[in-house]
Structure formats: C-alpha cells, structure tokens
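Structure for the following, please:
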Amino acid sequence: MTDLAGKHALVTGGGSGIGASIAKTLARAGAQVMIAGRRKEALEQTAACAANMSAIVADVTDQDSIAKLYRYAETVHGAFDIVVANAGSAESAPAEQITPARWSKTLDVNLTGAFFSVKPALAGMRARGWGRIIFIASTAGLKGYAYVAAYVAAKHGVVGLARALAVETAKDGITVNAVCPGYTETPLLEQAVRRIALKTGRSEAEARHAVMASNPQGRIIAPQEIANVVLWLCAAESAAITGQAISVSGGETW
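Here you go, the predicted model:
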C-alpha cells in the first residue's frame, strides 16, 4: 500500500461522494488530510472517520476563502504536498436556455474553482521539489454530452488546465493529472437519474438502466475506484505520470 505518512493533503468537495472516498483513502495511507467544502455538517461527519482528517468550510470560487484555508492549514499541519481539486456541480438544460448567470456559475465552480484550489500550492511544491496535483474532471472533459454544455465546457477546461500545469512543473518534482470518472454512484448521479426520468417520462429504475448502458461494462463506477486511482497518482512510483487525463469509465472513453 502507498505510504503517505508525513504528507499533507487537501481534498476540496470532500464532504461526500467521490471527495469523501478520496479523503478516507488518503488518510488510510497515512496522510494528514484536510477536507474543504461549503456544507459544514457533511464535512464534519466525514472528518470524524479518521483521527488524521480535519475539515474546514471554504468556497472554491472565492480566492479570499481559499487563501484563508491555506493560511489555516499551514499553521496547523504545514504546507500541502497533495491537492485534489474535486469540488464541482452540474445542472442540465438545453443550450439555448442556459442563462449567462448559470453559465458563469458552472464555470466558476468547476473550472475557476479548480484553479483557485491548486494555485496557492504551486510555489511551495516547487521549493520542496515534490508535489501531487490531481483534478477530478469527468468523461465530460473528454467527450460531449447533451444538455450540460456549460459543464462539458468547464471539464474540458480542467483537462486543459492539468496539461498546461504539467508542462510548467515537469522539472520540479510535481505531477499534475486529471482523473475523469464516468457515471459514478454519488448524490450527483441520483439527481441526474431523477432529471432523466422527469424529462423522458421513464421510471427512475429505467433511467438508471439507461445510464448504466452508457458504460460498456454495464455498471455504475464506485467512488472507491476513483479514490484508488488518486492514491496511485500520489505514489512515488507514479512520478512519470503527468499531464494525463485518466478515464475511469468502464471503457466509455479513453
């Protein structure tokens, strides 16, 4: 098992779903983990799962909020060695119905928030000669999906951001990668299934089956599968893996 003892990790959107699984996995590997998000109760429940996990309320779209998070983290456990930018959200609508405000909000959370989350860590990682930056993107960063144009655009941007930062930091002991999950068993998936059922007139069971059919393996991805990839990317043995968009989708994309 990867040993992350002595490493300090940040996981945004860490209160539930994929983020919570990642945080717990990194903690089990020995890292000191700080989870951040906007829902205090969910964060505290997840943080209570491990003695080496703590929680802080923060808004990834607000640079001042992120700066406060970093200042607090450094006084408690030191600089971050690992940053997992996981926070995100998605809403569906035909492209012609997306308002400027909704477009901006989607990009702010999924793309700009991802950049704000990792930017303050870069200088310190360079100075120490080691770092791991992992963006949780989506298969929506590798292909198109109908009715989520803003989300698809944002996640394509996240993949591009990862590739750009990987080139900038390639000689500094830092790796930067994007993990691109397919449909994963999370609260976001439950919302998507309800939306599909409502718009198509199918039952939620039928809508879920349709989602599963998009995966060549005929199933939904488990959050732990995403966490396992993140853990591997944090290992010393993965030092040559940088600038990659790793699809975890049962073969839906590659």
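
So which bits of the helix ranked longest in the chain are buried?
Longest helix in the chain, counting residues (DSSP state H): helix 149-169. Within helix 149-169, the residues scored as buried using 16 or more other CB atoms under 10 Å are 149-159, 161-163, 165-166, 169. (Glycine included, C-beta is placed from N, CA and C.)

Same question for stretch 215-225.
In stretch 215-225, counting by 16+ other CB under 10 Å, buried: 215, 220-223, 225.

Kindly list the main-chain dihedrals of A121?
Per-residue torsions, A121: phi -90, psi -20 (degrees, to the nearest 10).

Same check on V57?
Backbone geometry at V57, expressed as degrees, to the nearest 10, gives phi -80, psi 130.

where along the stretch 151-254 of the chain do the helices fall?
Taking DSSP state H, counting those that start in this stretch to define them, one finds helices in the stretch 151-254 of the chain at 187-200, 204-213, 223-234.

Just say which of the ones you listed is most tucked in.
Ranked by mean neighbour count, the helices of the stretch 151-254 of the chain are led by helix 223-234 with a mean of 20 (mean count of other CB atoms under 10 Å).

Give me the helices and strands touching it, please.
Helices and strands touching helix 223-234, by 3 or more CB pairs under 8 Å, 6 or more residues apart in numbering; DSSP states H and E, are helix 17-28, strand 131-136, strand 174-181, strand 245-248.

Point out the one among those that comes closest to V193.
Closest to V193 of the helices and strands packed on helix 223-234, according to CB to CB: helix 17-28, at 14.4 Å.

Need the residues that contact the closest one.
Helix 17-28 is contacted from outside by 4, 9, 11-14, 33, 35, 37, 46, 49-50, 52-53, 82, 84, 86-87, 136, 181, 184, 186-188, 223-224, 226-228, 230-231, 234, using CB atoms under 8 Å, 6 or more residues apart in numbering.

Was I right to think G182 contacts I226?
No - taking contacts as CB atoms under 8 Å, G182 lies outside contact range of I226: 9.9 Å.

Which of the three states applies to E41?
helix (DSSP: H, G, I helix; E, B strand; the rest coil).

Identify the residues contacting it.
Per CB under 8 Å, 6+ apart, neighbours of E41: none.

Could you tell me the least trusted of the helices of the stretch 151-254 of the chain?
Lowest mean pLDDT within the helices of the stretch 151-254 of the chain: helix 187-200, at a mean of 81.

and stretch 27-43, how far apart are its ends?
End-to-end distance for stretch 27-43, by CA to CA, to the nearest Å: 14 Å.

for the helix or strand bottoming out on mean pLDDT in the chain, packing partners?
Least confident helix or strand, the chain: helix 187-200 with a mean of 81, by mean pLDDT, DSSP states H and E. Contact partners of helix 187-200 among helices and strands, from 3+ CB pairs under 8 Å, 6+ apart: helix 204-213.

and the helix it packs on, how far out from the chain's middle?
Distance, stretch centre to chain centre, for helix 204-213: 24 Å (CA atoms, centre = their mean, to the nearest Å).

now the strands for the stretch 1-150 of the chain?
8-12, 32-37, 53-57, 82-85, 131-136 (DSSP state E, counting those that start in this stretch).
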